[in-house]
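1. Give the three-dimensional model of this entry:
(one chain, ligands or ions: 1)
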Amino acid sequence: MGKPDKSGSLPEVAGKLGIGSYHRHVFLCVGEECCSAEAGQAAWDALKKELKDKNLSLSAGPNACYRTKAGCLRVCQQGPIAVVYPEGTWYANLTADRIPLFVQEHLIEGRPVEAWTFAANPLPNESD
Ligand code: FES
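-> Down below sits the predicted model:
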């Protein structure tokens, strides 16, 4: 799978990216306040590879997942920090070696890896 063709109108580009088909969205911080640049990039590379290998990226299946590389999620310690929506599950120390288990258990089986999480903010927030 190569890079998606990003030519065309915005709706066409969204369609090529599978926007409208996703069930989850993972934001992974690669900023240098919460981890080293090397650790952040390694985690990002591992996430991209794992999503591709498991056919979750640019997919329309029930576990289709969009990914975004973030510059800072404002936690700025014990990174790489990540958050998964719609569950709003926040992860710390999501290093490259942890990505395969994270993808398998949370993104495929729907069970967050509780031992690596530190907060939850499901959306929509129905606590009010
Ligand atoms: S630099 Fe990663 S959360 Fe701020």
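2. lowest average confidence, helix or strand, in the protein?
-> With mean pLDDT, DSSP states H and E as the measure, the helix or strand of the chain carrying the lowest mean pLDDT is helix 10-16 (a mean of 94).
3. Return the residues of this structure in contact with the ligand.
-> Of all the residues in the chain, those in contact range of the ligand (Cβ under 6 Å from any ligand atom) are 29, 31, 33, 34, 72, 73, 74, 75, 76, 79, 81. The C-beta positions use only the backbone N, C-alpha and C, and glycine is treated the same way.
4. would you list every one of the helices in the protein?
-> Shown for the chain, the helices assigned by DSSP state H span residues 10-16, 37-53, 99-102.
5. pretty sure residue 33 contacts residue 72?
-> Yes. Counting by Cβ atoms under 8 Å, residue 72 is a contact partner of residue 33 at 6.4 Å.
6. got CSV for the helices of the chain, with mean neighbour count too?
-> As requested, those are arranged in CSV below (neighbours: other Cβ atoms under 10 Å):
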stretch, mean neighbour count
helix 10-16, 12
helix 37-53, 18
helix 99-102, 18
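7. my guess is residue 72 meets residue 35, correct?
-> No. Counting by Cβ under 8 Å, residue 72 sits too far from residue 35 to count as a contact (11.3 Å).
8. Looking at these two now, which is surrounded by more residues?
-> Neighbour count, other Cβ atoms under 10 Å: between residue 72 and residue 35, residue 35 has more, with 24 against 14.
9. Pick out the residue closest to the middle of this structure.
-> Residue closest to the average C-alpha location in the chain (Cα atoms, centre = their mean): residue 26, at 2.1 Å.
10. got the contact list for that residue?
-> With contact taken as Cβ atoms under 8 Å, 6 or more residues apart in numbering, residue 26 is in contact with 47, 65, 66, 67, 68, 82, 83, 84, 107.
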